[in-house]
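>>> Attaching a predicted model along with its sequence, questions to come.
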Amino acid sequence: MASVISVSELNERAKTVLASESSINDVWVSGEISNLTRHSSGHYYFTLKDQRSEVRCTLFRGARNSLQFEPAESLKVTAFGSVDMYVARGSYQFNVMTMRRSGIGDMYLALEELKKKLRAEGLFDESRKRKLPRYPMTVGVVTSPTGAVIHDIIRVAEKRFPVNIILVPVLVQGEGAAQSISKGIELMNTQNADIMIVGRGGGSAEDLWAFNEESVARAIAASRIPVISAVGHETDFTIADMVADVRAPTPSAAAEMALPDVSSEARNIDGMMMRASRSLAACISLMNSRFVALDSKLSLKRAKEAVISESKNVNELSRRASVSVRSIMNEKNGMFRMADAKLSPRRAKDRIEQLFMELDDASAAADRSVAQMIAGRRKDMISADQRLRAVNPMNVLERGYSFVKGPDGATLVSVHQISPGSDVEITMKDGIANAKIKEVIRK
Amino acid sequence: MSKDVNEMSFEESLRELEELVDMLENGGLDLDRSLDIYENAVKLRDHCRKILESSERRVQKIMETSGGIQREDI
(Lines give C-alpha, C1' and ligand atoms only; values in the text may rest on other atoms or scores of the structure.)
Protein backbone atom coordinates (compact mmCIF):
# COMPACT_ATOMS: atom_id res chain seq x y z
CA MET A 1 0.00 0.00 0.00
CA ALA A 2 1.54 3.21 -1.13
CA SER A 3 -0.52 5.70 0.83
CA VAL A 4 1.13 7.67 3.64
CA ILE A 5 -0.62 8.29 6.93
CA SER A 6 0.05 10.65 9.81
CA VAL A 7 1.26 9.63 13.27
CA SER A 8 -2.16 10.56 14.63
CA GLU A 9 -3.83 8.36 12.07
CA LEU A 10 -1.51 5.49 12.97
CA ASN A 11 -2.32 5.81 16.64
CA GLU A 12 -6.05 6.10 15.91
CA ARG A 13 -5.89 2.92 13.84
CA ALA A 14 -3.97 1.15 16.60
CA LYS A 15 -6.61 2.31 19.09
CA THR A 16 -9.38 0.83 16.93
CA VAL A 17 -7.53 -2.47 16.59
CA LEU A 18 -6.92 -2.69 20.33
CA ALA A 19 -10.54 -1.88 21.15
CA SER A 20 -11.83 -4.65 18.89
CA GLU A 21 -9.57 -7.38 20.24
CA SER A 22 -11.59 -9.42 22.77
CA SER A 23 -8.57 -11.11 24.35
CA ILE A 24 -7.42 -7.80 25.86
CA ASN A 25 -10.82 -6.33 26.64
CA ASP A 26 -12.85 -7.09 29.78
CA VAL A 27 -10.06 -9.13 31.34
CA TRP A 28 -8.88 -9.68 34.89
CA VAL A 29 -5.21 -8.81 35.39
CA SER A 30 -3.29 -9.48 38.56
CA GLY A 31 -0.27 -7.47 39.64
CA GLU A 32 1.20 -5.08 42.15
CA ILE A 33 0.48 -1.36 42.28
CA SER A 34 3.44 1.07 41.96
CA ASN A 35 4.00 4.73 40.99
CA LEU A 36 0.56 5.57 42.27
CA THR A 37 -0.58 9.16 41.77
CA ARG A 38 -3.94 10.60 42.62
CA HIS A 39 -5.00 13.47 40.41
CA SER A 40 -7.06 16.38 41.79
CA SER A 41 -9.85 15.33 39.39
CA GLY A 42 -10.23 12.15 41.44
CA HIS A 43 -8.65 9.91 38.79
CA TYR A 44 -5.82 7.57 39.78
CA TYR A 45 -2.80 6.65 37.67
CA PHE A 46 -0.46 3.81 38.52
CA THR A 47 1.66 1.03 37.14
CA LEU A 48 0.65 -2.57 37.53
CA LYS A 49 3.61 -4.91 37.49
CA ASP A 50 4.73 -8.46 38.00
CA GLN A 51 8.28 -9.93 38.04
CA ARG A 52 8.87 -9.40 34.33
CA SER A 53 6.55 -6.71 32.99
CA GLU A 54 4.57 -3.61 33.78
CA VAL A 55 1.68 -1.66 32.29
CA ARG A 56 0.36 1.86 32.86
CA CYS A 57 -3.10 1.91 34.34
CA THR A 58 -5.86 4.48 34.74
CA LEU A 59 -8.57 4.30 37.34
CA PHE A 60 -11.20 6.97 36.73
CA ARG A 61 -13.06 8.61 39.55
CA GLY A 62 -16.34 6.74 38.95
CA ALA A 63 -14.60 3.37 39.02
CA ARG A 64 -12.57 4.42 42.06
CA ASN A 65 -15.76 5.26 43.97
CA SER A 66 -17.14 1.77 43.43
CA LEU A 67 -14.08 0.14 45.03
CA GLN A 68 -14.26 -1.36 48.50
CA PHE A 69 -10.71 -0.21 49.39
CA GLU A 70 -8.23 2.64 48.89
CA PRO A 71 -5.59 1.83 46.25
CA ALA A 72 -2.13 1.96 47.78
CA GLU A 73 1.48 1.53 46.78
CA SER A 74 2.71 -2.12 46.68
CA LEU A 75 -0.79 -3.49 47.06
CA LYS A 76 -1.39 -6.77 45.23
CA VAL A 77 -4.59 -6.48 43.23
CA THR A 78 -6.69 -8.11 40.54
CA ALA A 79 -7.94 -5.44 38.17
CA PHE A 80 -10.76 -5.78 35.66
CA GLY A 81 -10.68 -3.60 32.55
CA SER A 82 -9.65 -3.15 28.93
CA VAL A 83 -6.58 -2.12 26.99
CA ASP A 84 -6.76 1.32 25.40
CA MET A 85 -4.44 3.51 23.32
CA TYR A 86 -3.33 6.88 24.67
CA VAL A 87 -3.26 8.52 21.25
CA ALA A 88 -1.20 11.60 22.21
CA ARG A 89 1.72 9.48 23.47
CA GLY A 90 1.38 6.46 21.22
CA SER A 91 1.45 4.27 24.30
CA TYR A 92 -1.11 1.81 25.42
CA GLN A 93 -2.62 1.65 28.89
CA PHE A 94 -5.01 -0.48 30.88
CA ASN A 95 -8.25 1.22 31.89
CA VAL A 96 -9.36 -0.32 35.19
CA MET A 97 -13.13 -0.61 35.69
CA THR A 98 -12.96 -2.37 39.03
CA MET A 99 -10.34 -3.89 41.23
CA ARG A 100 -10.10 -6.35 44.09
CA ARG A 101 -7.38 -6.96 46.57
CA SER A 102 -5.54 -10.13 45.73
CA GLY A 103 -6.28 -13.07 47.82
CA ILE A 104 -9.85 -11.87 47.59
CA GLY A 105 -9.45 -11.73 43.82
CA ASP A 106 -8.23 -15.32 43.81
CA MET A 107 -11.20 -16.25 45.93
CA TYR A 108 -13.56 -14.74 43.38
CA LEU A 109 -11.91 -16.64 40.56
CA ALA A 110 -12.22 -19.86 42.52
CA LEU A 111 -15.84 -18.94 43.21
CA GLU A 112 -16.57 -18.56 39.50
CA GLU A 113 -14.95 -21.94 38.85
CA LEU A 114 -17.05 -23.56 41.57
CA LYS A 115 -20.23 -21.96 40.24
CA LYS A 116 -19.44 -23.30 36.78
CA LYS A 117 -18.88 -26.78 38.16
CA LEU A 118 -22.03 -26.85 40.30
CA ARG A 119 -24.14 -25.39 37.51
CA ALA A 120 -22.88 -28.11 35.15
CA GLU A 121 -23.93 -30.70 37.74
CA GLY A 122 -27.42 -29.19 37.74
CA LEU A 123 -27.35 -28.05 41.37
CA PHE A 124 -28.83 -24.66 40.48
CA ASP A 125 -31.57 -26.07 38.23
CA GLU A 126 -35.04 -24.68 38.75
CA SER A 127 -36.41 -28.22 38.47
CA ARG A 128 -34.57 -29.14 41.69
CA LYS A 129 -36.31 -26.45 43.72
CA ARG A 130 -38.94 -27.80 46.05
CA LYS A 131 -42.07 -26.02 47.15
CA LEU A 132 -42.09 -25.01 50.78
CA PRO A 133 -44.76 -26.59 52.98
CA ARG A 134 -47.43 -23.98 53.61
CA TYR A 135 -48.00 -24.78 57.27
CA PRO A 136 -44.82 -26.07 58.88
CA MET A 137 -45.13 -27.46 62.42
CA THR A 138 -41.40 -27.28 63.10
CA VAL A 139 -38.87 -24.90 61.61
CA GLY A 140 -35.19 -25.82 61.73
CA VAL A 141 -32.64 -23.02 61.86
CA VAL A 142 -28.95 -23.55 61.12
CA THR A 143 -27.15 -20.39 62.14
CA SER A 144 -25.21 -18.58 64.83
CA PRO A 145 -26.97 -18.81 68.22
CA THR A 146 -26.43 -15.08 68.72
CA GLY A 147 -27.08 -13.70 65.23
CA ALA A 148 -29.92 -11.94 63.45
CA VAL A 149 -31.42 -15.09 61.91
CA ILE A 150 -32.50 -16.88 65.10
CA HIS A 151 -33.58 -13.59 66.65
CA ASP A 152 -35.76 -12.75 63.63
CA ILE A 153 -37.32 -16.18 63.29
CA ILE A 154 -38.37 -16.24 66.95
CA ARG A 155 -39.77 -12.72 66.69
CA VAL A 156 -41.68 -13.46 63.47
CA ALA A 157 -42.97 -16.82 64.77
CA GLU A 158 -44.44 -15.05 67.79
CA LYS A 159 -46.19 -12.59 65.52
CA ARG A 160 -47.27 -14.72 62.59
CA PHE A 161 -47.70 -18.41 63.23
CA PRO A 162 -47.08 -20.81 66.12
CA VAL A 163 -44.32 -23.29 65.32
CA ASN A 164 -41.68 -25.24 67.15
CA ILE A 165 -38.19 -24.03 66.43
CA ILE A 166 -35.08 -26.18 66.44
CA LEU A 167 -31.78 -24.33 66.37
CA VAL A 168 -28.55 -26.01 65.36
CA PRO A 169 -25.94 -23.50 66.46
CA VAL A 170 -23.02 -23.23 64.02
CA LEU A 171 -20.02 -21.03 63.31
CA VAL A 172 -21.00 -18.73 60.45
CA GLN A 173 -17.66 -17.06 59.79
CA GLY A 174 -13.95 -17.63 60.16
CA GLU A 175 -11.90 -20.81 60.25
CA GLY A 176 -14.00 -23.98 60.05
CA ALA A 177 -17.29 -22.14 59.43
CA ALA A 178 -18.14 -23.98 56.20
CA GLN A 179 -17.59 -27.35 57.82
CA SER A 180 -19.64 -26.32 60.85
CA ILE A 181 -22.53 -25.15 58.63
CA SER A 182 -22.57 -28.26 56.45
CA LYS A 183 -22.43 -30.54 59.51
CA GLY A 184 -25.25 -28.50 61.03
CA ILE A 185 -27.41 -29.03 57.91
CA GLU A 186 -26.75 -32.77 58.13
CA LEU A 187 -27.64 -32.81 61.83
CA MET A 188 -30.87 -30.92 61.14
CA ASN A 189 -31.79 -33.62 58.63
CA THR A 190 -31.90 -36.15 61.48
CA GLN A 191 -34.64 -34.02 63.06
CA ASN A 192 -38.33 -33.81 62.39
CA ALA A 193 -38.35 -30.34 60.84
CA ASP A 194 -40.64 -29.39 57.94
CA ILE A 195 -38.51 -26.54 56.67
CA MET A 196 -34.98 -25.29 57.29
CA ILE A 197 -33.51 -21.81 57.29
CA VAL A 198 -29.74 -21.60 56.74
CA GLY A 199 -27.97 -18.27 56.97
CA ARG A 200 -26.57 -15.36 58.87
CA GLY A 201 -27.01 -11.60 59.14
CA GLY A 202 -25.10 -9.01 57.15
CA GLY A 203 -21.33 -8.70 57.01
CA SER A 204 -18.45 -8.13 54.63
CA ALA A 205 -17.85 -10.41 51.65
CA GLU A 206 -15.22 -12.25 53.71
CA ASP A 207 -17.69 -12.68 56.60
CA LEU A 208 -20.24 -14.31 54.30
CA TRP A 209 -17.67 -16.43 52.49
CA ALA A 210 -18.46 -19.75 54.20
CA PHE A 211 -21.76 -19.72 52.30
CA ASN A 212 -19.79 -19.83 49.04
CA GLU A 213 -17.99 -23.03 50.00
CA GLU A 214 -18.59 -26.27 48.15
CA SER A 215 -19.30 -28.33 51.29
CA VAL A 216 -22.17 -25.99 52.26
CA ALA A 217 -23.58 -26.10 48.72
CA ARG A 218 -23.49 -29.92 48.73
CA ALA A 219 -25.07 -30.19 52.18
CA ILE A 220 -27.94 -27.93 51.06
CA ALA A 221 -28.37 -29.90 47.84
CA ALA A 222 -28.50 -33.18 49.78
CA SER A 223 -30.97 -31.90 52.39
CA ARG A 224 -34.16 -33.93 52.72
CA ILE A 225 -35.77 -30.87 54.31
CA PRO A 226 -36.53 -27.93 51.97
CA VAL A 227 -34.03 -25.10 52.56
CA ILE A 228 -34.47 -21.34 52.64
CA SER A 229 -31.16 -19.49 52.44
CA ALA A 230 -30.87 -16.15 54.19
CA VAL A 231 -27.34 -14.85 53.83
CA GLY A 232 -26.55 -11.19 54.55
CA HIS A 233 -28.58 -8.45 52.92
CA GLU A 234 -30.57 -8.00 49.73
CA THR A 235 -27.47 -7.45 47.56
CA ASP A 236 -25.44 -10.39 48.85
CA PHE A 237 -25.68 -13.43 46.63
CA THR A 238 -23.85 -16.61 47.60
CA ILE A 239 -23.65 -20.13 46.21
CA ALA A 240 -25.80 -21.26 49.15
CA ASP A 241 -28.53 -18.96 47.78
CA MET A 242 -28.27 -20.54 44.35
CA VAL A 243 -28.57 -24.11 45.63
CA ALA A 244 -31.30 -23.46 48.21
CA ASP A 245 -34.93 -24.19 47.32
CA VAL A 246 -35.77 -20.57 48.08
CA ARG A 247 -33.48 -17.58 48.60
CA ALA A 248 -34.60 -14.98 51.12
CA PRO A 249 -33.17 -11.47 50.75
CA THR A 250 -32.87 -11.01 54.53
CA PRO A 251 -33.20 -13.16 57.67
CA SER A 252 -36.56 -11.69 58.63
CA ALA A 253 -37.84 -12.21 55.07
CA ALA A 254 -36.84 -15.87 55.45
CA ALA A 255 -38.97 -16.13 58.57
CA GLU A 256 -41.89 -14.51 56.78
CA MET A 257 -41.54 -16.89 53.82
CA ALA A 258 -41.48 -19.90 56.13
CA LEU A 259 -44.50 -18.96 58.21
CA PRO A 260 -48.02 -18.08 57.13
CA ASP A 261 -49.72 -15.10 58.71
CA VAL A 262 -52.02 -16.08 61.57
CA SER A 263 -54.53 -13.29 61.04
CA SER A 264 -54.98 -14.00 57.33
CA GLU A 265 -55.39 -17.71 58.14
CA ALA A 266 -58.05 -16.82 60.72
CA ARG A 267 -59.83 -14.66 58.12
CA ASN A 268 -59.69 -17.52 55.62
CA ILE A 269 -61.26 -19.93 58.13
CA ASP A 270 -63.86 -17.34 59.03
CA GLY A 271 -64.76 -16.94 55.36
CA MET A 272 -65.16 -20.70 54.94
CA MET A 273 -67.45 -20.92 57.96
CA MET A 274 -69.63 -18.14 56.58
CA ARG A 275 -69.89 -20.05 53.29
CA ALA A 276 -70.78 -23.19 55.23
CA SER A 277 -73.56 -21.50 57.16
CA ARG A 278 -74.96 -19.89 54.02
CA SER A 279 -75.03 -23.31 52.33
CA LEU A 280 -76.68 -24.84 55.36
CA ALA A 281 -79.35 -22.15 55.31
CA ALA A 282 -79.91 -22.79 51.59
CA CYS A 283 -80.19 -26.51 52.29
CA ILE A 284 -82.80 -25.91 54.99
CA SER A 285 -84.78 -23.68 52.68
CA LEU A 286 -84.63 -26.27 49.89
CA MET A 287 -85.79 -29.00 52.26
CA ASN A 288 -88.64 -26.78 53.25
CA SER A 289 -89.85 -26.30 49.69
CA ARG A 290 -89.51 -30.01 48.98
CA PHE A 291 -91.58 -30.78 52.00
CA VAL A 292 -94.34 -28.49 50.80
CA ALA A 293 -94.15 -30.14 47.38
CA LEU A 294 -94.33 -33.58 48.88
CA ASP A 295 -97.18 -33.07 51.26
CA SER A 296 -99.82 -33.19 48.56
CA LYS A 297 -98.52 -36.58 47.45
CA LEU A 298 -98.73 -38.17 50.85
CA SER A 299 -101.66 -40.06 52.14
CA LEU A 300 -103.29 -38.40 55.11
CA LYS A 301 -102.18 -41.09 57.52
CA ARG A 302 -98.55 -41.20 56.32
CA ALA A 303 -98.41 -37.43 56.21
CA LYS A 304 -99.56 -37.21 59.80
CA GLU A 305 -96.91 -39.67 60.92
CA ALA A 306 -94.24 -37.83 58.96
CA VAL A 307 -95.26 -34.51 60.40
CA ILE A 308 -95.16 -35.82 63.95
CA SER A 309 -91.69 -37.31 63.53
CA GLU A 310 -90.42 -34.26 61.62
CA SER A 311 -91.67 -32.03 64.43
CA LYS A 312 -89.45 -33.93 66.83
CA ASN A 313 -86.54 -33.53 64.42
CA VAL A 314 -87.17 -29.84 64.12
CA ASN A 315 -86.68 -29.37 67.85
CA GLU A 316 -83.37 -31.19 67.58
CA LEU A 317 -82.34 -29.33 64.44
CA SER A 318 -83.08 -25.95 65.86
CA ARG A 319 -81.07 -26.80 68.97
CA ARG A 320 -78.13 -27.82 66.78
CA ALA A 321 -78.45 -24.76 64.60
CA SER A 322 -78.40 -22.44 67.58
CA VAL A 323 -75.25 -24.21 68.80
CA SER A 324 -73.76 -23.51 65.37
CA VAL A 325 -74.76 -19.87 65.49
CA ARG A 326 -73.23 -19.52 68.93
CA SER A 327 -69.99 -21.00 67.69
CA ILE A 328 -69.87 -18.52 64.80
CA MET A 329 -70.10 -15.77 67.39
CA ASN A 330 -67.42 -17.41 69.51
CA GLU A 331 -65.17 -17.56 66.50
CA LYS A 332 -65.65 -13.85 65.89
CA ASN A 333 -64.66 -13.23 69.48
CA GLY A 334 -61.62 -15.41 69.01
CA MET A 335 -60.50 -13.43 66.00
CA PHE A 336 -60.96 -10.26 67.90
CA ARG A 337 -58.70 -11.52 70.67
CA MET A 338 -55.97 -12.48 68.23
CA ALA A 339 -56.17 -9.18 66.40
CA ASP A 340 -56.11 -7.32 69.71
CA ALA A 341 -52.89 -8.97 70.79
CA LYS A 342 -51.15 -8.03 67.56
CA LEU A 343 -51.87 -4.39 67.17
CA SER A 344 -50.85 -1.17 68.78
CA PRO A 345 -53.44 0.14 71.27
CA ARG A 346 -54.68 2.93 69.03
CA ARG A 347 -54.98 0.81 65.90
CA ALA A 348 -56.39 -2.00 67.99
CA LYS A 349 -59.22 0.27 69.12
CA ASP A 350 -60.21 1.03 65.52
CA ARG A 351 -59.88 -2.60 64.59
CA ILE A 352 -61.99 -3.71 67.55
CA GLU A 353 -64.79 -1.35 66.58
CA GLN A 354 -64.60 -2.72 63.05
CA LEU A 355 -64.70 -6.28 64.32
CA PHE A 356 -67.65 -5.55 66.55
CA MET A 357 -69.57 -4.28 63.56
CA GLU A 358 -68.60 -7.39 61.60
CA LEU A 359 -69.60 -9.51 64.56
CA ASP A 360 -73.03 -7.86 64.71
CA ASP A 361 -73.50 -8.34 60.98
CA ALA A 362 -72.30 -11.92 60.98
CA SER A 363 -74.30 -13.03 63.96
CA ALA A 364 -77.41 -11.31 62.68
CA ALA A 365 -76.97 -12.90 59.27
CA ALA A 366 -76.29 -16.31 60.69
CA ASP A 367 -79.19 -15.95 63.05
CA ARG A 368 -81.53 -15.04 60.22
CA SER A 369 -80.24 -17.64 57.85
CA VAL A 370 -80.11 -20.63 60.18
CA ALA A 371 -82.26 -20.16 63.24
CA GLN A 372 -85.10 -18.36 61.53
CA MET A 373 -85.10 -20.81 58.65
CA ILE A 374 -85.74 -23.55 61.11
CA ALA A 375 -88.38 -21.58 62.94
CA GLY A 376 -90.02 -20.87 59.58
CA ARG A 377 -89.88 -24.49 58.66
CA ARG A 378 -91.60 -25.49 61.88
CA LYS A 379 -94.40 -22.99 61.17
CA ASP A 380 -94.78 -24.39 57.66
CA MET A 381 -95.04 -27.86 59.05
CA ILE A 382 -97.62 -26.92 61.62
CA SER A 383 -99.75 -25.32 58.93
CA ALA A 384 -99.18 -28.27 56.61
CA ASP A 385 -100.24 -30.53 59.43
CA GLN A 386 -103.39 -28.49 59.98
CA ARG A 387 -104.15 -28.52 56.28
CA LEU A 388 -103.68 -32.24 56.11
CA ARG A 389 -105.86 -32.84 59.12
CA ALA A 390 -108.64 -30.72 57.71
CA VAL A 391 -108.53 -31.77 54.11
CA ASN A 392 -108.24 -35.25 52.74
CA PRO A 393 -106.27 -34.79 49.50
CA MET A 394 -108.75 -37.02 47.66
CA ASN A 395 -111.52 -34.64 48.65
CA VAL A 396 -109.62 -31.84 46.98
CA LEU A 397 -109.72 -33.78 43.72
CA GLU A 398 -113.44 -34.41 44.27
CA ARG A 399 -113.86 -30.65 44.35
CA GLY A 400 -112.45 -30.28 40.86
CA TYR A 401 -108.74 -29.71 41.62
CA SER A 402 -106.00 -31.75 40.04
CA PHE A 403 -102.28 -32.03 40.46
CA VAL A 404 -99.63 -32.06 37.78
CA LYS A 405 -96.46 -34.11 37.71
CA GLY A 406 -93.46 -33.19 35.61
CA PRO A 407 -91.45 -35.49 33.29
CA ASP A 408 -89.40 -36.68 36.32
CA GLY A 409 -92.53 -37.69 38.23
CA ALA A 410 -92.25 -34.86 40.77
CA THR A 411 -95.32 -32.83 41.56
CA LEU A 412 -95.03 -29.43 39.95
CA VAL A 413 -95.11 -26.48 42.32
CA SER A 414 -93.48 -23.89 40.11
CA VAL A 415 -93.44 -22.92 36.46
CA HIS A 416 -89.66 -23.00 36.79
CA GLN A 417 -89.87 -26.80 36.79
CA ILE A 418 -91.20 -26.91 33.23
CA SER A 419 -90.69 -25.31 29.85
CA PRO A 420 -92.65 -25.32 26.59
CA GLY A 421 -92.71 -28.86 25.21
CA SER A 422 -92.43 -30.55 28.66
CA ASP A 423 -94.58 -33.66 29.01
CA VAL A 424 -96.73 -33.56 32.12
CA GLU A 425 -99.22 -35.86 33.82
CA ILE A 426 -102.43 -34.45 35.26
CA THR A 427 -104.12 -36.47 38.02
CA MET A 428 -107.84 -35.92 38.48
CA LYS A 429 -110.31 -37.70 40.76
CA ASP A 430 -111.04 -40.49 38.31
CA GLY A 431 -107.94 -40.81 36.18
CA ILE A 432 -104.85 -39.40 34.56
CA ALA A 433 -104.35 -37.18 31.52
CA ASN A 434 -101.04 -36.79 29.70
CA ALA A 435 -100.37 -33.33 28.31
CA LYS A 436 -97.69 -31.19 26.71
CA ILE A 437 -96.91 -27.65 27.87
CA LYS A 438 -97.56 -25.04 25.20
CA GLU A 439 -96.41 -21.93 26.97
CA VAL A 440 -94.94 -20.93 30.34
CA ILE A 441 -95.86 -17.55 31.78
CA ARG A 442 -93.97 -16.43 34.86
CA LYS A 443 -95.69 -14.15 37.33
CA MET B 1 -64.31 -37.96 59.07
CA SER B 2 -61.52 -40.46 58.75
CA LYS B 3 -59.34 -39.15 61.56
CA ASP B 4 -59.75 -37.74 65.05
CA VAL B 5 -59.79 -33.98 64.64
CA ASN B 6 -57.46 -33.38 67.56
CA GLU B 7 -54.81 -35.57 65.95
CA MET B 8 -54.84 -33.56 62.74
CA SER B 9 -52.24 -31.00 61.69
CA PHE B 10 -53.30 -27.49 60.81
CA GLU B 11 -52.79 -28.25 57.13
CA GLU B 12 -54.91 -31.44 57.27
CA SER B 13 -57.66 -29.68 59.22
CA LEU B 14 -57.75 -26.82 56.77
CA ARG B 15 -57.89 -29.16 53.77
CA GLU B 16 -60.69 -31.17 55.38
CA LEU B 17 -62.56 -27.97 56.24
CA GLU B 18 -62.26 -26.81 52.62
CA GLU B 19 -63.66 -30.16 51.45
CA LEU B 20 -66.61 -29.97 53.83
CA VAL B 21 -67.45 -26.43 52.77
CA ASP B 22 -67.28 -27.50 49.12
CA MET B 23 -69.63 -30.41 49.85
CA LEU B 24 -72.10 -28.07 51.52
CA GLU B 25 -71.87 -25.60 48.67
CA ASN B 26 -72.35 -28.26 46.02
CA GLY B 27 -75.63 -29.15 47.74
CA GLY B 28 -77.67 -32.26 47.01
CA LEU B 29 -77.38 -33.44 50.62
CA ASP B 30 -80.23 -34.05 52.99
CA LEU B 31 -80.62 -31.82 55.99
CA ASP B 32 -79.31 -34.29 58.55
CA ARG B 33 -76.17 -34.90 56.50
CA SER B 34 -75.74 -31.15 55.99
CA LEU B 35 -75.94 -30.51 59.71
CA ASP B 36 -73.49 -33.33 60.42
CA ILE B 37 -71.07 -31.77 57.96
CA TYR B 38 -71.59 -28.36 59.44
CA GLU B 39 -70.92 -29.69 62.93
CA ASN B 40 -67.71 -31.33 61.72
CA ALA B 41 -66.72 -28.06 60.07
CA VAL B 42 -67.21 -26.29 63.40
CA LYS B 43 -65.01 -28.89 65.12
CA LEU B 44 -62.27 -28.43 62.51
CA ARG B 45 -62.54 -24.66 62.76
CA ASP B 46 -62.17 -24.85 66.56
CA HIS B 47 -59.18 -27.15 66.16
CA CYS B 48 -57.50 -24.78 63.67
CA ARG B 49 -58.13 -21.89 65.99
CA LYS B 50 -56.67 -23.79 68.91
CA ILE B 51 -53.50 -24.39 66.90
CA LEU B 52 -53.32 -20.73 65.85
CA GLU B 53 -53.82 -19.52 69.41
CA SER B 54 -51.59 -22.06 71.08
CA SER B 55 -48.65 -20.62 72.93
CA GLU B 56 -47.06 -23.98 73.51
CA ARG B 57 -44.42 -23.66 70.84
CA ARG B 58 -41.01 -24.83 71.88
CA VAL B 59 -37.70 -23.32 70.97
CA GLN B 60 -34.94 -25.87 71.33
CA LYS B 61 -31.27 -25.98 70.63
CA ILE B 62 -29.61 -29.23 69.56
CA MET B 63 -25.96 -30.10 69.43
CA GLU B 64 -24.03 -33.17 68.46
CA THR B 65 -21.65 -34.29 71.19
CA SER B 66 -19.58 -37.40 71.73
CA GLY B 67 -22.48 -38.74 73.80
CA GLY B 68 -24.97 -38.26 70.95
CA ILE B 69 -27.42 -35.46 70.22
CA GLN B 70 -28.09 -33.07 73.08
CA ARG B 71 -31.19 -30.90 73.36
CA GLU B 72 -31.98 -27.97 75.51
CA ASP B 73 -34.78 -25.41 75.63
CA ILE B 74 -33.86 -21.81 74.91
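Yep, that arrived. Numbers count the residues shown, from 1 in each chain, chains lettered A, B, ... in the order given.
>>> Other residues contacting whatever helix or strand residue A:150 lives in?
For residue A:150, the element it lies in under DSSP states H and E is helix A:148-160. For helix A:148-160, contacts defined as C-beta atoms under 8 Å, 6 or more residues apart in numbering or on different chains pick out A:139, A:141, A:143-144, A:163, A:165, A:167, A:197, A:199-202, A:230, A:251-252, A:254-256, A:258-262, A:342, B:57, B:59. For the C-beta atoms, the positions are set from N, CA and C on the backbone; glycine is no exception.
>>> Just the buried ones from those?
Neighbour counting by 16 or more other C-beta atoms under 10 Å in any protein chain shown classes A:139, A:141, A:143-144, A:163, A:165, A:167, A:197, A:199-202, A:230, A:251-252, A:254-256, A:258-260, A:262, A:342, B:57, B:59 among the contacts of helix A:148-160 as buried.
>>> Tell me the buried residues in the helix holding residue A:150?
Buried positions in helix A:148-160, judged by neighbour count with 16+ other C-beta under 10 Å: A:148, A:149, A:150, A:151, A:152, A:153, A:154, A:156, A:157, A:160.
>>> Mind putting the residues you listed into TSV with pLDDT?
As requested, the buried residues of helix A:148-160 are exported to TSV (pLDDT from 0 to 100):
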residue	pLDDT
A:148	83
A:149	85
A:150	90
A:151	88
A:152	86
A:153	86
A:154	87
A:156	85
A:157	83
A:160	81
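>>> ok, the residues you listed vs residue A:43, which is closest?
Among the buried residues of helix A:148-160, residue A:148 lies closest to residue A:43 (C-beta to C-beta), at 39.1 Å.
>>> Strands of the chain, start to end?
With no chain named, the answer covers chain A. Assigned by DSSP state E, the strands in chain A fall at A:27-38, A:44-49, A:54-59, A:76-86, A:91-101, A:138-143, A:164-169, A:195-200, A:227-231, A:246-247, A:403-405, A:423-428, A:431-436.
>>> actually it's chain B I care about, not the one you picked
B:59-65, B:68-73.
>>> who wins for proximity to chain A among these?
Closest to chain A of these, according to C-beta to the nearest C-beta: strand B:59-65, at 4.5 Å.
>>> For that closest one, list every residue counted as buried.
So for strand B:59-65, counting by 16+ other C-beta under 10 Å, buried means B:59, B:61, B:62.
>>> cool, stretch A:204-211 as well?
For stretch A:204-211, burial by neighbour count (16+ other C-beta under 10 Å) applies to A:207, A:208, A:209, A:210, A:211.
>>> Against chain A, which of the buried residues of strand B:59-65 make the cut? List them.
Among those, the residues within reach of chain A (C-beta under 8 Å from any C-beta of the partner chain) are B:59, B:61, B:62.
>>> As CSV, those residues with pLDDT would be great.
Shown next, in CSV, are those (pLDDT from 0 to 100):
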residue, pLDDT
B:59, 84
B:61, 88
B:62, 86
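>>> low pLDDT regions in chain B?
Applying pLDDT under 70 to chain B picks out residues B:1-3, B:31, B:55-56.
>>> make it 50
B:1 (pLDDT under 50).
>>> so what's the residue in it that chain A sits nearest to closest to, chain neighbours aside?
The nearest approach of chain B to chain A comes at residue B:24, 3.7 Å away (C-beta to the nearest C-beta). Nearest residue to residue B:24, sequence neighbours excluded (C-beta to C-beta, 6 or more residues apart in numbering or on different chains): residue A:279, at 3.7 Å.
>>> burial measure for that neighbour, as a count.
Neighbour count for residue A:279, taken as other C-beta atoms under 10 Å in any protein chain shown: 24.
>>> Equivalent analysis for residue A:52, please.
Applying other C-beta under 10 Å, we find 5 residues neighbouring residue A:52.
>>> Quick check on it: phi, psi?
Reported as degrees, to the nearest 10, the phi and psi values for residue A:52 are phi -110, psi -20.
>>> Just the pLDDT for it.
pLDDT, residue A:52: 91.
>>> May I see the buried residues of whichever helix in chain B runs longest?
Criterion DSSP state H: the longest helix present in chain B is helix B:31-53. Neighbour-count burial for helix B:31-53, counted by 16+ other C-beta under 10 Å, picks out B:31, B:34-35, B:37-38, B:40-49, B:51-52.
>>> Just give the number of residues close to the closest residue in space to residue A:434 that isn't next to it in sequence.
Leaving out its chain neighbours, the residue that sits closest to residue A:434 by C-beta to C-beta, 6+ apart is residue A:425, at 5.7 Å. The number of residues packed near residue A:425 is 16, by other C-beta under 10 Å.
>>> Would you mind measuring from residue A:425 to residue A:436?
Noted for residue A:425: a distance of 11 Å to residue A:436, by C-beta to C-beta, to the nearest Å.
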